[in-house]
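> Please work out how this folds:
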Amino acid sequence: MCLPETFVAATRSLMGDRVFDRYLDAIGDEPPVSIRVNPRLSLPVGVGKGQPRLSLPVGVGGSNDVVPWCRNAFYLSERPNFTFDPLLHAGCYYVQEASSMFLDTVLRQHLPDHPVMALDLCAAPGGKSTLLRTALPEGSVLISNEPVRQRASILLENVQKWGYDSHYVTNLYPRDIRKSGFCFDVILCDVPCSGEGMFRKDPATIGEWSPQNVEKCRLLQRDIVSDAWACLNDGGIMIYSTCTYNIKENEENIRWMITELGARVLPVSTEPQWNIVGSLLDGFHEPVYRFIPGTTRGEGLFMCVLRKGGSKAMLYSKKSIALLQANNSIAQGKAKLPVMERVALHTDGPRLELSYRQAIDYLRREALMLPPDTPRGIVEVTFMGYGLGTVKNLGTRANNLYPKEWRIKSTHVPEHYVPVLSI
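Sure thing, here's the model as predicted:
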């Protein structure tokens with residue numbers, strides 16, 4: 001893998017020879033494959049109540065298979081063909097890079113035990129958003145935002161399939177949310193960055209890297225954080241993250257938040273065997289968390305937790321988070337935000353179990369031949385008991401109501417179903 005000379009020189013100087021040489025060796029290997037099982041559709045390992053439920057990925061069982069900083073998360077020995085697994089489309093699990101799941105450890109240590117209003121400001125494609133919604137206390141509300149329309153549509157798909165209530169998707173710029181007057185107790189800023197941590201996973205990002213782009217991202221990140229900070233309740237927390245290594249987009253931005261915004265950095269307890277790297281900026285000793293391939297088992301990530309105001313550990317707003325939803329918008333007092341419209345994937349009416357081939361045909365938005373005794377009207381179709389979406393049975397034919405933009409486009413279909421999850 002050919003890396004830009006300026007990146008190599010700067011990053012070797014930053015990391016040191018030993019860590020950087022391990023990094024060079026690692027990015028020549030295949031990246032780890034990891035998934036996060038949806039606890040809404042599963043039971044903890046060893047609990048067997050009622051009908052069989054999702055438990056572990058196939059072939060997984062040892063401690064080396066577990067992503068140690070995230071609940072319900074596992075490494076796989078190889079990358080299966082996820083596209084043709086109906087259980088992925090049913091929201092039974094999410095394919096997510098392991099380092100980014102460190103968010104779960106952060107949330108477990110810093111969320112209160114009462115409902116909160118939360119915002120994921122740059123949320124597409126939805127990995128951190130679905131993790132955040134899973135971790136929030138009962139009764140909480142999450143707004144996941146993505147400024148780019150096409151990416152927001154992908155985010156909406158993943159949020160809907162994950163299937164949690166009180167989870168809304170918006171397609172706004174950060175300044176629009178700031179102007180709306182909405183306020184939040186928790187804000188995740190997974191900001192656009194120069195992408196150094198994605199070089200192994202997405203080699204195309206190498207050609208997009210330059211010192212000029214690093215500087216451009218550093219300034220954009222400060223603009224985004226400024227808008228987000230204005231939306232954060234006093235005592236609330238902001239989680240800042242990038243998928244890059246350099247100190248300009250990371251430590252220097254955190255130092256700027258401390259100096260200019262009055263932010264207070266919060267520590268996160270970690271285990272030594274996770275091999276997370278701390279601050280690489282000389283003279284800066286605040287608790288920050290950096291994942292580096294070859295040192296940690298995952299892709300590149302930087303994360304830091306900051307509190308706005310307050311001197312005590314938990315000073316979250318106690319005001320009501322009840323929201324009024326009408327006409328594709330949500331209101332918090334006089335503040336309103338337009339939300340993207342969801343589609344109906346489930347029904348309280350009849351359900352029809354599909355074979356594997358039928359499920360793939362449905363996900364490709366092809367016509368289905370339904371049994372003659374299938375009730376007319378809207379019918380939810382399932383695979384292994386998990387809902388995929390709906391059809392409208394007209395008697396002589398059935399209209400496939402799976403969203404066009406979600407359909408599987410590949411013409412190759414495996415002859416046999418190779419499950420990712422155990423049932």
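
> okay, CA-based contacts and neighbour counts for the rest of this
Will do.

> how long is stretch 248-258 end to end?
In terms of CA to CA, to the nearest Å, the two terminal residues of stretch 248-258 are separated by 15 Å.

> Kindly report the same for stretch 73-81.
For stretch 73-81, the separation between the terminal residues is 18 Å (CA to CA).

> And the pLDDT for residue 81?
Listed pLDDT for residue 81 reads 92.

> Against residue 33, how distant is it?
Residue 81 is 12 Å from residue 33, by CA to CA.

> between those two, which one's more packed in?
The residue with more neighbours, out of residue 81 and residue 33, is residue 33; 17 against 11, by other CA atoms under 10 Å.

> Mind listing the residues bridging to the more buried one?
residue 76 (DSSP bridges).

> ok, it touching residue 80?
No: look at residue 33 against residue 80 with CA atoms under 8 Å: they stay out of range, at 9.1 Å.

> Show me where the chain dips below the pLDDT cut-off.
Applying pLDDT under 70 to the chain picks out residues 42-55, 310-320, 423.

> Export only the CA atoms of stretch 218-229, formatted as PDB.
Extracted C-alpha coordinates of stretch 218-229, given in PDB (Å, rounded to 0.1, in the frame of the first residue of the first chain):
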ATOM      1  CA  ARG A 218      -9.700  21.000  11.200                       C
ATOM      2  CA  LEU A 219     -11.500  24.300  10.500                       C
ATOM      3  CA  LEU A 220     -14.700  22.600   9.400                       C
ATOM      4  CA  GLN A 221     -14.700  20.500  12.600                       C
ATOM      5  CA  ARG A 222     -14.500  23.600  14.700                       C
ATOM      6  CA  ASP A 223     -17.400  25.200  12.900                       C
ATOM      7  CA  ILE A 224     -19.500  22.000  13.500                       C
ATOM      8  CA  VAL A 225     -18.500  21.800  17.200                       C
ATOM      9  CA  SER A 226     -19.400  25.500  17.700                       C
ATOM     10  CA  ASP A 227     -22.900  24.900  16.400                       C
ATOM     11  CA  ALA A 228     -23.300  21.700  18.400                       C
ATOM     12  CA  TRP A 229     -22.000  23.300  21.600                       C
END
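
> List of residues touching it?
121, 174-175, 177-178, 187, 189, 191-193, 238, 248-249, 253, 261, 308 (CA atoms under 8 Å, 6 or more residues apart in numbering).

> The chain: helices as residue ranges?
5-15, 17-26, 86-89, 103-110, 127-135, 149-162, 174-180, 204-208, 211-230, 251-256, 356-363 (DSSP state H).

> looking at these, which is closest to residue 334?
Residue 334 lies closest to helix 174-180 among the helices of the chain, at 8.9 Å (CA to CA).

> tell me which residues in that closest one are buried?
Using 16 or more other CA atoms under 10 Å as the test for burial, helix 174-180 gives 174, 177-178.

> Let me have the residues you listed in TSV, extended by distance to residue 114.
Formatted as TSV, those follow (distance: CA to CA, whole Å):
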residue	distance to residue 114
174	26
177	24
178	24
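
> And residue 351, how far from residue 163?
For residue 351, the distance to residue 163 - CA to CA - is 17 Å.

> How about residue 169?
Applying CA to CA to residue 169 and residue 163 gives a distance of 13 Å.

> These two: who's more crowded?
Using other CA under 10 Å as the criterion, residue 169 and residue 163 rank with residue 169 on top: 27 against 20.

> May I have the distance across stretch 155-171, first residue to last?
The first and final residues of stretch 155-171 sit 10 Å from each other (CA to CA).

> Now tell me what touches it from outside.
For stretch 155-171, the surrounding residues in contact (CA under 8 Å, 6+ apart) are 38, 89-92, 123-126, 129-130, 133-134, 140-149, 152, 337-340, 342, 406.

> same question, stretch 8-20
Contact with stretch 8-20 is made by 245-246, 280, 294-295, as judged by CA under 8 Å, 6+ apart.

> mind putting these in a markdown table, distance to residue 270 and neighbour count included?
Below are the contacts of stretch 8-20 laid out as a markdown table (distance: CA to CA, whole Å; neighbours: other CA atoms under 10 Å):
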| residue | distance to residue 270 | neighbour count |
| --- | --- | --- |
| 245 | 19 | 23 |
| 246 | 22 | 22 |
| 280 | 18 | 18 |
| 294 | 18 | 20 |
| 295 | 15 | 18 |
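
> got a markdown table for the residues you listed, with distance to residue 2 too?
Below are those laid out as a markdown table (distance: CA to CA, whole Å):
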| residue | distance to residue 2 |
| --- | --- |
| 245 | 17 |
| 246 | 18 |
| 280 | 24 |
| 294 | 17 |
| 295 | 20 |
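
> closest to residue 205 among those?
For these, the nearest to residue 205 is residue 245 (13.8 Å; CA to CA).

> Hmm, residue 196 and that closest one touching each other?
Yes: taking contacts as CA under 8 Å, residue 245 lies within contact range of residue 196: 6.3 Å.

> Got the domain ranges for the chain?
The chain resolves into domains spanning 5-308, 351-402 when parsed by automatic domain parsing.

> of all these, which lies closest to residue 412?
Closest approach to residue 412 among the domains of the chain (CA to CA): domain 5-308, 9.4 Å.

> Can you give me the first-to-last residue distance of the closest one?
Counting by CA to CA, the terminal residues of domain 5-308 are separated by 39 Å.

> ok, now stretch 221-239?
Across stretch 221-239, first to last residue, CA to CA, it's 13 Å.

> Same check on stretch 397-409?
Termini of stretch 397-409 sit 23 Å apart (CA to CA).

> One more: stretch 13-21?
11 Å.

> For it, list every residue counted as buried.
Under the neighbour-count criterion of 16+ other CA under 10 Å, stretch 13-21 has 14-15, 19-20 buried.

> Also stretch 339-350?
In stretch 339-350, counting by 16+ other CA under 10 Å, buried: 339-340, 345-346.

> Pipe those residues into JSON lines and attach distance to residue 29 per row.
Output for the buried residues of stretch 339-350, formatted as JSON lines (distance: CA to CA, whole Å):
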{"residue": "339", "distance to residue 29": "41"}
{"residue": "340", "distance to residue 29": "39"}
{"residue": "345", "distance to residue 29": "39"}
{"residue": "346", "distance to residue 29": "41"}
